[in-house]
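**Student:** just coords:
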């Protein structure tokens, strides 16, 4: 049988923020989105990174079994669903090893492609850019409809989801926009956690190195008061904040 191969950007063997417990986080290469605040633009190129087989990378992961025993394995990116067959095979092999699996995705591919991966993972970390299609398109070049379909599918099969949303002052960190997003999420029973992530510019230097214009150069990080308002809006909708 021909082994399924994919391209990886990097890995983190002791991740503590991409799912429950201590996790091995594998960052896959390639992303169809162009998020204004992306801190990994070096993952965009689908032919970059290192090519490996799924079995090879899972053997590497298994060497960290003692560290991730109470956590698991997270596939991130880039957009891991851009390599759906590879992602599914990695998850299948990780399950055979007894590892909890999590998919960190922006839901930026169609549901027909994403479904086999979603069915194989234990948890979905879904990055929702915005509730409004026009704002999603402004932020990423995509209207966000695939992410909404992915969330609906997770609801239909009872797949646990952690929502992630980046708070960008003057763009997403506005009470009216946060209210629209929170209202759109409040009735989903699959949502187990909402992580409101403050905008930062730690990856700005990568944009410069790649010769790409960084349009948020003058945007400051959120103030504590702004973060408190955002949290109160989601709490008022009964959403489980991290």
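**Tutor:** Thanks, I have the structure now. Keep in mind that what you see is a predicted model, and the values were worked out from it rather than measured.
**Student:** Contacts only, for residue 126.
**Tutor:** Taking C-beta atoms under 8 Å, 6 or more residues apart in numbering as the criterion, residue 126 is in contact with 105, 106, 107, 147, 150, 151, 154, 161, 162, 163, 164. Backbone N, C-alpha and C define where each C-beta goes, glycine included.
**Student:** thinking the third one is in contact with residue 117, fair?
**Tutor:** In this case it means residue 107. No - contact criterion C-beta atoms under 8 Å: residue 107 and residue 117 do not qualify, at 10.9 Å.
**Student:** Note down every partner strand of the lengthiest strand in the chain and its orientation.
**Tutor:** Counting by DSSP state E, the longest strand found in the chain is strand 5-15. Under the criterion DSSP bridges, strand 5-15 sits next to strand 23-28 (antiparallel), strand 50-53 (antiparallel) in its sheet.
**Student:** Show me which residues of it are buried.
**Tutor:** With burial defined by 16 or more other C-beta atoms under 10 Å, the residues of strand 5-15 counted as buried are 5, 6, 7, 8, 9, 10, 11, 15.
**Student:** Which of those residues sits closest to residue 177?
**Tutor:** Nearest to residue 177 out of the buried residues of strand 5-15 is residue 15 (C-beta to C-beta; 29.6 Å).
**Student:** For the closest residue to that closest one other than its chain neighbours, which residues are in contact?
**Tutor:** Among residues not flanking residue 15 along the chain, residue 25 sits closest, at 3.9 Å (C-beta to C-beta, 6 or more residues apart in numbering). Counting by C-beta under 8 Å, 6+ apart, residue 25 makes contact with 11, 12, 15, 18, 73, 74, 75, 76, 104.
**Student:** Pick the one among these closest to residue 212.
**Tutor:** Closest approach between those and residue 212, by C-beta to C-beta: residue 76, at 20.6 Å.
**Student:** so how far is residue 62 from the nearest residue to residue 132 once chain neighbours are set aside?
**Tutor:** Nearest in space to residue 132, with sequence neighbours left out and distances taken as C-beta to C-beta, 6+ apart, is residue 180 at 6.6 Å. Per C-beta to C-beta, to the nearest Å, residue 180 is found 44 Å from residue 62.
**Student:** rewinding a little: minimum distance to residue 226: which of the strands paired with strand 5-15 has it?
**Tutor:** Residue 226 lies closest to strand 23-28 among the strands paired with strand 5-15, at 28.3 Å (C-beta to C-beta).
**Student:** Tell me the gap between the closest one and the middle of its chain.
**Tutor:** 11 Å (C-alpha atoms, centre = their mean, to the nearest Å).
**Student:** If I look at the residue lying closest to residue 163 once chain neighbours are set aside, what pLDDT would I see?
**Tutor:** Closest residue to residue 163 apart from its sequence neighbours, by C-beta to C-beta, 6+ apart: residue 194 at 4.6 Å. pLDDT, residue 194: 98.
**Student:** Can you classify residue 194 as helix, strand or coil?
**Tutor:** strand (DSSP: H, G, I helix; E, B strand; the rest coil).
**Student:** and it, how many residues sit next to it?
**Tutor:** 22 (other C-beta atoms under 10 Å).
**Student:** Check residue 21 too.
**Tutor:** 13.
**Student:** Let me see the contact set for it.
**Tutor:** Going by C-beta under 8 Å, 6+ apart, the list of residues near residue 21 reads 68, 70, 71, 72, 100.
**Student:** Determine the number of other residues adjacent to the spatially closest residue to the first one that is not a sequence neighbour.
**Tutor:** Distances taken as C-beta to C-beta, 6+ apart put residue 24 closest to residue 68, at 5.1 Å, once the chain neighbours are dropped. Residues near residue 24, counting by other C-beta under 10 Å, number 27.
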